[in-house]
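# No letters, just coordinates:
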């Protein structure tokens, strides 16, 4: 299925005004609002053959030139039958960045959503086990947010000291 | 002393003779525990292999159980998630024991001056010898092993009383334990009771 055919199907199903598109080299993107996201992903999987979620990641657009929203989350989908690739991108904002979980569609979303939650604090509704995956459980901040200092807030110095006499 | 020693009597105490013998045994058969978390671990493996041959110094018995070792070699960066594990493994090693901080990352955090990387393991566990380098060559690690051997024969006692005298760290404290003003912000999380350390063999 070519890119134009996919866009035509999306327009027929959701209406032409429900999404916008952009391109960078061979990356073809579909931008949707977060409340429409799950319907789009479901349709792309069921009716357009995107049976694999290649990547689910995020970026913090705080202080980014020209950015209107804060957290950008993108899904890279692959149709394994014909090799078609599609980027689906959406934006969420503070104070309550929430998205529906893609776990019911692709099991591979499990750890990727946990990583986005761990690094950015974006909550995925419906995820079966939304815990931190990289940082320790005691950690409370979201370190890849742009307003979090590179050297942290002293967490790395906050451990008990073992002395020679104790050891 | 009431007894006047004769011509060929060696004046010494029993403790010093025993310590000398114990140190000779200890320093020539140090059993390393490799805590290799990064590229320094590759140099550590090279040190153990035939070309550099750590067996020449009696330390070829590398064990992956801390219960069997008396020399911890921390080779690589230590993120805050693995630090409670490192402390637990250190506590599981039987006395007498020594620690080598191998490479820039283990000694100071190296280039990884970020939120997740511990800025020198000597902040949280005792270290005897630091090895500079990124990563250090096997010759440098062997030199540090020889330094440990010298330290054992210089300070070791048969009762292990030298350990009770030592403080938290032997590094130049003002430098190694200094926390930059920007770093001393309030930490919102409490790691003092990190779950991985509980029941970790900490002596009461």
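It's in. In this text, all values refer to a predicted model and were calculated from it rather than measured experimentally. Numbers count the residues shown, from 1 in each chain, chains lettered A, B, ... in the order given.

# Nearest to chain A: which residue in chain B?
Scanning chain B for proximity to chain A using Cβ to the nearest Cβ identifies residue B:115 as nearest, at 3.0 Å. (Each C-beta comes from the backbone N, C-alpha and C, glycine too.)

# Tell me how far the residue nearest to that residue when sequence neighbours are not counted lies from residue A:22.
Leaving aside its sequence neighbours, residue B:115 sits nearest to residue A:152 (Cβ to Cβ, 6 or more residues apart in numbering or on different chains; 3.0 Å). For residue A:152, the distance to residue A:22 equals 35 Å [Cβ to Cβ, to the nearest Å].

# what's the spacing between residue B:133 and residue B:37?
Taken as Cβ to Cβ, the span from residue B:133 to residue B:37 is 16 Å.

# so the residue of chain B closest to chain A, which of the three states?
Per DSSP: H, G, I helix; E, B strand; the rest coil, the local secondary structure of residue B:115 is coil.

# Surely it is in contact with residue A:154?
No: contact criterion Cβ atoms under 8 Å: residue B:115 and residue A:154 do not qualify, at 9.3 Å.

# of those two, who's got more company?
residue B:115 (22 against 19; other Cβ atoms under 10 Å in any protein chain shown).

# Tell me which residues touch that one, please.
Neighbour list for residue B:115: A:143, A:148, A:149, A:150, A:151, A:152, A:153, A:155, A:156 [criterion: Cβ atoms under 8 Å, 6 or more residues apart in numbering or on different chains].

# Now neighbour count too, for these, in CSV please.
Below are the contacts of residue B:115 laid out as CSV (neighbours: other Cβ atoms under 10 Å in any protein chain shown):
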residue, neighbour count
A:143, 20
A:148, 17
A:149, 14
A:150, 9
A:151, 19
A:152, 23
A:153, 21
A:155, 25
A:156, 25
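
# List just the nearest of those to chain B.
Proximity of the contacts of residue B:115 to chain B (Cβ to the nearest Cβ) peaks at residue A:152, which lies at 3.0 Å.

# would you say that closest one is within a strand?
No: under three-state DSSP, residue A:152 falls outside any strand and is assigned coil.

# beta partners for the residue most central in space within chain B?
Central residue of chain B (Cα atoms, centre = their mean): residue B:99, 0.5 Å from the mean position. Per DSSP bridges, the residues bridged to residue B:99 are residue B:72.

# buried ones in stretch A:25-44?
Across stretch A:25-44, burial judged by 16 or more other Cβ atoms under 10 Å in any protein chain shown covers A:28, A:29, A:30, A:32, A:34, A:37, A:38, A:40, A:41, A:44.

# chain center to that stretch: distance?
Its chain's C-alpha centre and that of stretch A:25-44 lie 12 Å apart, by Cα atoms, centre = their mean, to the nearest Å.

# Could you do stretch A:66-86 as well?
The answer for stretch A:66-86 is 9 Å, by Cα atoms, centre = their mean.

# got it, and stretch A:1-14?
Centroid displacement of stretch A:1-14 relative to its chain, using Cα atoms, centre = their mean, is 23 Å.

# The lengthiest helix in chain B - what's its average pLDDT?
Looking across chain B with DSSP state H, the single longest helix is helix B:138-155. For helix B:138-155, mean pLDDT is 93.

# All the strands of the chain, in order from the start?
Since you didn't name a chain, this refers to chain A. A:19-24, A:27-32, A:52-60, A:71-78, A:85-92, A:98-100, A:123-125 (DSSP state E).

# actually it's chain B I care about, not the one you picked
Secondary structure of chain B by DSSP E: the strands cover B:32-36, B:71-75, B:98-102, B:129-131.

# separation between residue A:135 and residue A:152?
Taking Cβ to Cβ, one finds residue A:135 at 10 Å from residue A:152.

# thinking residue A:132 is in contact with residue A:139, fair?
Yes: with contact defined as Cβ under 8 Å, residue A:132 counts as touching residue A:139 (6.5 Å).

# more neighbours, the two?
Applying other Cβ under 10 Å to residue A:132 and residue A:139 shows that residue A:139 carries more neighbours, namely 21 against 17.

# So the nearest residue to residue B:15 once chain neighbours are set aside versus residue B:67, what's the distance?
Closest residue to residue B:15 apart from its sequence neighbours, by Cβ to Cβ, 6+ apart: residue B:158 at 6.4 Å. As judged by Cβ to Cβ, residue B:158 and residue B:67 stand 22 Å apart.
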